[in-house]
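In: I need the structure of the sequence given here:
(one chain, ligands or ions: 2)
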Amino acid sequence: MKIERVVLREIRMRLRAPFETSFGSVQDRRILLAQVQSEGLSGWGEGTAMEGPFYNSETIDTAWLMLREYLVPAVLNADPSGPDDIPKLLAPVRGNEMAKAALENAVWHLASLMRNLPLSRLLGGTMSAIPCGVSLGIQADIGRLLALVEKEVAAGYQRIKLKIKPGKDLDVVREVRKRFPKLRLSVDANSAYSLADTGHIKRLDEFQLLMVEQPLEWDDIYFHSRLQSQIATAICLDESIRNLRHASAAVEIGACRVINVKLGRVGGHTEASRIQEYCAGRAIPVWCGGMIESGIGRAHNIAMSTQKGFIWPGDVSASQRYWDEEIIEPEVQVTAQGTIHVPTGAGLGYQVRERRIRQLTVREESFSGRSAPISVPG
Ligand code: OSB
Ligand code: MG
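Out: Ligands and ions are numbered 1, 2, ... in the order given. Now for the predicted structure:
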């Protein structure tokens, strides 16, 4: 499949409410979209890097730079036989997984259109509906948080995840657990603690949480294994897992019992599929994480989540929870049972609203043939 043209765009979308985590708060999302074109068809991918390097080391601006200087040229000058050839083409560039995923996932979308198949089926997924949870940002007061939990439980979501940080952890979880004794509940610290906090983290054990997500440093695996051996609550790794090697190392040394798979963080569908396959073979549950994506990223997450390893509810929720107006049609909807019906149309199964995207675009750059290939100095 010859990639004839790649277009990068930055769109700005305002969240209906600010989203606060232990590393900061965001309301105005800057979203990178990659469009790849061939034979009159367009594949779309979303770069899920945040605005600043506080979740991981990438930002939308570093992703743009990597795409323009290295990644797009590598793909434009090659003739990949399919989307799973893309990781090899991008391998000379170290890290920068989110930048790579934007491009690779666009090629996956394109390939599914060329073969007239739903992307979920091209990936080998079989589920026709996926279970959904929500991630709730840190709130100013407990009353607001309880009201939000109430609302999302009533909407049907199957699992509630609370963002926590030091000073907004044990008391918050205690209140929510008291009010919702049977709720499937988890917490996400986004690397806000260190091993020295083991005693404090251990106090979460009394709340019967499904998991505590990424309690320790963003790039750590080993110290999570030390922590896991001292607490009853299952650790789920997010930030630390950027490829299959990390996932297998973490499972082998007992650093986690659950893995959150994010397409951007692991560099795209090819690596995400490998990780879920590995985990499925070892009874390690995986679930699909979110990066507050637009509809394009959401649609990719839905397709990914149809693979057999994704047995726990993910963080992929209704478009309406975040956006007043979507860039796909229809927008992502969640049933009263807390599921998303997997679309059966070819490609993403949602229409990309190109006119709306044009209205939201603040930066655009196109690339076609004859760009320089990756040059590796030395
Ligand atoms: O750690 O899962 C995370 C959002 C931004 C950055 C990191 C995370 C999150 C979420 C939001 O939890 C999940 C969503 O997109 O709904
Ligand atoms: Mg997380």
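In: make it CA atoms for all contacts and neighbour counts henceforth
Out: Noted.
In: give me the contact list for stretch 48-57.
Out: 23-24, 29-32, 58-61, 63, 98-99, 102, 190, 218, 239, 264, 291, 293, 297 (C-alpha atoms under 8 Å, 6 or more residues apart in numbering).
In: tell me which residues of it are tucked away?
Out: Thr48, Ala49, Met50, Glu51, Gly52, Tyr55, Asn56, Ser57 (16 or more other C-alpha atoms under 10 Å).
In: could I get those as TSV with distance to ligand 1?
Out: TSV is the format used below for these (distance: C-alpha to the nearest ligand atom, whole Å):
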residue	distance to ligand 1
Thr48	9
Ala49	9
Met50	7
Glu51	10
Gly52	11
Tyr55	6
Asn56	9
Ser57	12
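In: could you list which of those belong to helices?
Out: Among the buried residues of stretch 48-57, no residue falls in helices (DSSP state H).
In: tabulate those in TSV, adding columns for distance to Ala140.
Out: Conversion of these to TSV gives the following (distance: C-alpha to C-alpha, whole Å):
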residue	distance to Ala140
Thr48	26
Ala49	26
Met50	22
Glu51	22
Gly52	22
Tyr55	21
Asn56	25
Ser57	27
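In: which of the contacts of stretch 48-57 are close to ligand 1?
Out: Asn190, Met291, Glu293 (C-alpha under 6 Å from any ligand atom).
In: give me the neighbour count for the first one.
Out: Taking other C-alpha atoms under 10 Å as the neighbour definition, Asn190 ends up with a count of 25.
In: what's the closest non-adjacent residue to it?
Out: With C-alpha to C-alpha, 6 or more residues apart in numbering as the criterion, Asn190 has its nearest non-adjacent residue at 5.4 Å, and that residue is Gln214.
In: so how far is Ala272 from the one you found?
Out: 18 Å (C-alpha to C-alpha, to the nearest Å).
In: compare those two (neighbour count), which wins?
Out: Gln214 (27 against 23).
In: list the contacts for that one?
Out: Asp188, Ala189, Asn190, Ser191, Ile235, Cys236, Leu237, Asp238, Glu239, Ser240.
In: reformat those as TSV; add pLDDT, secondary structure and distance to Ile201.
Out: TSV is the format used below for the contacts of Gln214 (pLDDT from 0 to 100; DSSP: H, G, I helix; E, B strand; the rest coil; distance: C-alpha to C-alpha, whole Å):
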residue	pLDDT	secondary structure	distance to Ile201
Asp188	98	strand	12
Ala189	98	coil	10
Asn190	98	coil	13
Ser191	98	coil	12
Ile235	98	strand	11
Cys236	98	strand	14
Leu237	98	strand	15
Asp238	98	coil	17
Glu239	98	coil	18
Ser240	98	coil	18
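In: quick one: which of those is most hemmed in?
Out: Busiest of the contacts of Gln214 [other C-alpha under 10 Å] is Leu237, holding 30 neighbours.
In: that residue: what's it in contact with?
Out: Glu213, Gln214, Cys256, Val258, Ile259, Asn260.
In: distance of it from Gln214?
Out: 5 Å.
In: which strand or helix spans whatever residue of the stretch 101-250 of the chain ends up closest to ligand 1?
Out: Going by C-alpha to the nearest ligand atom, ligand 1 is nearest to Ser135 of the stretch 101-250 of the chain, at 5.0 Å. Element membership for Ser135, per DSSP states H and E: strand 134-136.
In: what's downstream of that strand, the next helix or strand?
Out: Following strand 134-136 in sequence, per DSSP H and E, is helix 142-155.
In: buried set for that following helix?
Out: So for helix 142-155, counting by 16+ other C-alpha under 10 Å, buried means Ile142, Leu145, Leu146, Val149, Glu152, Val153.
In: up against ligand 1, what does this protein have?
Out: Taking C-alpha under 6 Å from any ligand atom as the contact definition, the chain meets ligand 1 at Ser135, Asn190, Gly289, Gly290, Met291, Ile292, Glu293, Asp315, Val316.
In: sorry, back to before: export the contacts of Gln214 as JSON lines, with columns for distance to Glu277.
Out: Converted to JSON lines, the contacts of Gln214 look like this (distance: C-alpha to C-alpha, whole Å):
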{"residue": "Asp188", "distance to Glu277": "24"}
{"residue": "Ala189", "distance to Glu277": "26"}
{"residue": "Asn190", "distance to Glu277": "25"}
{"residue": "Ser191", "distance to Glu277": "26"}
{"residue": "Ile235", "distance to Glu277": "20"}
{"residue": "Cys236", "distance to Glu277": "17"}
{"residue": "Leu237", "distance to Glu277": "17"}
{"residue": "Asp238", "distance to Glu277": "17"}
{"residue": "Glu239", "distance to Glu277": "19"}
{"residue": "Ser240", "distance to Glu277": "18"}
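In: quick one on the thing from earlier: please narrow the buried residues of stretch 48-57 to those residing in strands.
Out: Using DSSP state E, no member of the buried residues of stretch 48-57 falls in strands.
In: got TSV for the residues you listed, with pLDDT too?
Out: Formatted as TSV, the buried residues of stretch 48-57 follow (pLDDT from 0 to 100):
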residue	pLDDT
Thr48	97
Ala49	98
Met50	98
Glu51	97
Gly52	97
Tyr55	98
Asn56	98
Ser57	98
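In: ok, these vs Leu183, which is closest?
Out: Top of the list for closeness to Leu183, among the buried residues of stretch 48-57 and by C-alpha to C-alpha, is Tyr55 at 27.4 Å.
In: looking at the contacts of stretch 48-57, which are in helices?
Out: Per DSSP H, those map to helices at Ile60, Asp61, Ala63, Met98, Ala99, Ala102, Gly297.
In: mind checking the longest strand of the chain?
Out: From DSSP E, the single longest strand across the chain is strand 5-21.
In: which strands or helices does that strand pack on?
Out: Using 3 or more C-alpha pairs under 8 Å, 6 or more residues apart in numbering; DSSP states H and E as the contact definition, the elements that strand 5-21 packs against are strand 24-38, helix 72-76, helix 354-360, strand 361-368.
In: in CSV, list the ones you listed along with mean neighbour count.
Out: Shown next, in CSV, are the helices and strands packed on strand 5-21 (neighbours: other C-alpha atoms under 10 Å):
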stretch, mean neighbour count
strand 24-38, 20
helix 72-76, 25
helix 354-360, 13
strand 361-368, 14
